[in-house]
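A.B. asks: coords please:
(3 chains)
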Amino acid sequence: MTVTGAPHAARDPGRPPRIPRLITGSAPVSLAEHLDRYGPPPLRADRPAAGRAVTGLIDEIDRAGLTGRGGAGFPAARKMRAVADAASRGGTFSSVGAVVIANGAESEPASWKDRLLLSRAPHLVLDGVALAAEAVGASRAYLCVHAGPVGPAAGPLRDAIASRDRAGLNRVPVQLAEIPGGYVTSQETALVGFLNGGPARPAFVPPRPAQRGAHRRPTLVQNVETLAHAALIARYGADWFRAAGTAAFPGTALMSVGGAVRRPGVYEAALGTTLASLLQRAGGPAEAPAAVLAGGYFGGWLPLPAAQHIPLSDEALRPAGASLGPGVLVLLPESSCGLAETARAVRYLASQSAGQCGPCSNGLPALAEAMEWIAYGRAGAADGLSWAQQLLRLVSGRGACHLPDGTASMAASALRVFGADLLRHLTRGPCQRVSRAGVLPVPRPPAGAS
Amino acid sequence: MSPRRRREPQRLQLNPIACEAHGVCIELLPELIAADPWGYPVIAPGPVPQQLLPLAQRAVNVCPTLALLLTRAG
Amino acid sequence: MTAHPAAIVVTSSTPLWYATRATGLVALVLLTISMALGLLSSVRYQRPGLPRFVTVGLHRNSALLAFAFTVLHIITTLADSYVPVRIQDAFIPFISAYRPLWLGLGAVSFDLMIALIGTSLLRARMSYRTWQAVHWAAYLCWPVAVVHGLGTGSDTRVRWVLLLTLACVSVIAALTGWRLAAGWPSRPVARLAGALAVVAALIAGGAWLAAGPLKPGWASRAGTPPALLKPAAGRALGPAAAARLTSPITQGRPPAPAGSGDPARHPHAAASGPAIAPRQGRAR
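C.D. replies: Below you'll find the model as predicted:
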């Protein structure tokens, strides 16, 4: 089926989907099925030249209030506008055309929604890539995933891209890029650095990727789920998108629910859904719950059952000391020790430092040691605690990326939420629960990782 | 620094990747920069007071790795 | 008074010749100081009496001063019409008529110094990585300067000059060893290679020094033009020139009584080879 540049919404995209919007079946959706259900992506009939931004979609996304689903929650329209402006400003020495990077490199260990989205609905993501490329005036695009067993299967993704090439749907060439594993390799400047031929390590900004990124061109880095939502907004409009979610944080998001729940998995929920109702959808707690880690390893702990009615959106989670992040929830049962879990997570995060910034490469291992001392150390002086608190202040905001700040805020939330445990650990030594198997997933570093 | 630039509020910014803890800025500008336990600079937030601007500029010039920067305050 | 079969010098050039040697030595000492401070900087050396900003600042200033003295050294050499050195010999190595290899090393060192100081003055306009790559040339610039001094210099066998040079070498070798031991560069292979290079350089340098400049006849082996080693055939000195030759200024000692011009009986006719200047330090 050859579709070339169908005029905007000329082919009726059909009835707007209800929740779940993104992943609707248990099998991967082929290109034919995708086009059957949604029609072709509403690209313009006249193909705009690279470097010439098309702002219609950006305005629609702005009205829809779509925020990034990769963890930072940055407004997508604002990012796209910055890239579009930089691309159209051009200049004698800048190359023509911007670059779009679809970030599917899911390095958060407790998250697997991007992998699932890419395997079940790759064409929604690739639609989003094509639409974003047109909107910002890009001349090439990359789909970044982690290499090897950590990331999604590369073969089916290459096939999906090729089938779109044959159908003429890839107006800009889309290339699959396999990124080395590691927590910080999926940070936007790290991706840009890797695509420019260097190591996948965060870089100092300025210049931001939106100004100068891959191949020295303005670069849009957007999470794959964000692009999938954009592909649907382009078809069904901002009002449809806003029909779910809250006024400030509209739409739905894919949530990876794990830990001690009966049915761990990825669930799509409207933003603002309460924590309790999402946990119920995941089958409810498998055993008596103590706390939940919301937002992944850069998020924070929330006590249960006290926080069960908290709505899942940044506006409610941030004041409570957590965040939405990439939609990660890990339920901690009462039989586990939150301090020990946090110590393990901090030790993992410290091992993931790119080693570029002194405060991070020195401070995070020291923090891990302090947390381990609190979790597993002997009873006695509270000096370890005050050293940990000093470290939390010392590392925050002093790196090139957010690894030190994110780790620090997650550790701080543990010391706050598990206060009773903390007191017991400091006065009577570690509890028996520290020896239970880890609830928080901590990957073993692959061979050859830094 | 041009006379016009001297009147605009400036703030000190550090490129943490370039910084290699030589410690020269910490010696030259103790009013605004302190050392952390590993020798890396901790910079006081906020704009640089006008009377310290020449000293801040000197610290920026002397950094062996050009990691310290004076940028226009927000 | 018979003509001395010796190096002939015009009196007016003698202060220039002293100046060339002096500025050359001072430049070497300053270069050594700069290099030493650079090494101390890389190991983050700090004492209450030597704060970091002094180490870094002095490193830069002594480098500039070393460059200034090197320029003076070159100017005085060029102005001294005795030695056949042209201005291009200072920049392009190994093309001079006078000791081409050893003088050429001086040109190499000078070129490297220009690159080091030029890039450092323009540091803000280039990437740090570029500046750093060029700065590694310091590890070549300094030893080449030392070898230039030992090979070209006419004072190599003067004891205090030799000791001064050896002291400079010891300081830099020790500090380089310290830097390697302190863990820079971070890869152990690179540090081992560096250590081996230092040891090899010291051994090779010492062997060359013992077999070369410190042995008699170095002047001609080093490539001094023959015209400077002995007088042109058949040319006799006029009485005025001969008088200048034996004057206290050129000789550094009381004038020889007339008729005692036999070079074989000359107190200074000992050390370095067939046709030598009677005055020590003028050996070619």
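A.B. asks: what residue lies at the spatial centre of chain A?
C.D. replies: A:Gly70 (2.3 Å; CA atoms, centre = their mean).
A.B. asks: scratch that, chain B
C.D. replies: B:Leu12 (4.3 Å).
A.B. asks: give me phi/psi at that residue?
C.D. replies: Dihedral angles phi and psi of B:Leu12 (degrees, to the nearest 10) take the values phi -90, psi 130.
A.B. asks: just C:Ser154 next, same as before
C.D. replies: According to degrees, to the nearest 10, C:Ser154 has phi -90, psi 0.
A.B. asks: Go ahead and confirm it touches C:Arg21.
C.D. replies: Yes - assessed by CB atoms under 8 Å, C:Ser154 is found in contact with C:Arg21 at 6.9 Å. Any C-beta I mention is one placed from the backbone N, CA and C, and that applies to glycine too.
A.B. asks: Quick one: residues contacting the residue in the stretch 51-200 of chain C that chain A sits nearest to.
C.D. replies: Chain A sits closest to C:Ser186 of the stretch 51-200 of chain C, with a gap of 10.1 Å, by CB to the nearest CB. With CB atoms under 8 Å, 6 or more residues apart in numbering or on different chains as the criterion, no residue contacts C:Ser186.
A.B. asks: Let's see the pLDDT reported for it.
C.D. replies: Per-residue pLDDT puts C:Ser186 at 77.
A.B. asks: Which secondary structure state is assigned to the nearest residue to C:Ala124 once chain neighbours are set aside?
C.D. replies: Excluding the flanking residues, the one nearest C:Ala124 by CB to CB, 6 or more residues apart in numbering or on different chains is B:Leu66, at 6.8 Å. Assigned by DSSP: H, G, I helix; E, B strand; the rest coil, the conformation of B:Leu66 is coil.
A.B. asks: Count residues in the vicinity of B:Leu66, would you?
C.D. replies: Residues near B:Leu66, counting by other CB atoms under 10 Å in any protein chain shown, number 18.
A.B. asks: That one is in contact with C:Arg125, isn't it?
C.D. replies: No - judged on CB under 8 Å, B:Leu66 makes no contact with C:Arg125 at a distance of 10.7 Å.
A.B. asks: which SS class is the residue of the stretch 51-200 of chain C closest to chain A?
C.D. replies: coil.
A.B. asks: Which helix or which strand is home to A:Gly406?
C.D. replies: Here A:Gly406 sits within helix A:403-417, counting by DSSP states H and E.
A.B. asks: Please compute how far that helix lies from its chain's middle.
C.D. replies: Computed by CA atoms, centre = their mean, to the nearest Å, the separation of helix A:403-417 from the middle of its chain amounts to 18 Å.
A.B. asks: helices or strands up against it?
C.D. replies: strand A:300-303, helix A:338-351, helix A:358-376, helix A:383-395 (3 or more CB pairs under 8 Å, 6 or more residues apart in numbering or on different chains; DSSP states H and E).
A.B. asks: Any idea which of these gets closest to C:Gly57?
C.D. replies: With CB to CB, the closest approach to C:Gly57 among the helices and strands packed on helix A:403-417 belongs to helix A:358-376: 22.9 Å.
A.B. asks: what packs against the closest one?
C.D. replies: On a contact count with 3+ CB pairs under 8 Å, 6+ apart, helix A:358-376 meets helix A:338-351, helix A:383-395, helix A:403-417, helix A:419-428.
A.B. asks: Next, the buried residues of it.
C.D. replies: For helix A:358-376, burial by neighbour count (16 or more other CB atoms under 10 Å in any protein chain shown) applies to A:358-364, A:366-376.
A.B. asks: Please apply the same query to stretch A:407-423.
C.D. replies: Within stretch A:407-423, judged by 16+ other CB under 10 Å, the buried ones are A:407-415, A:417-418, A:421-422.
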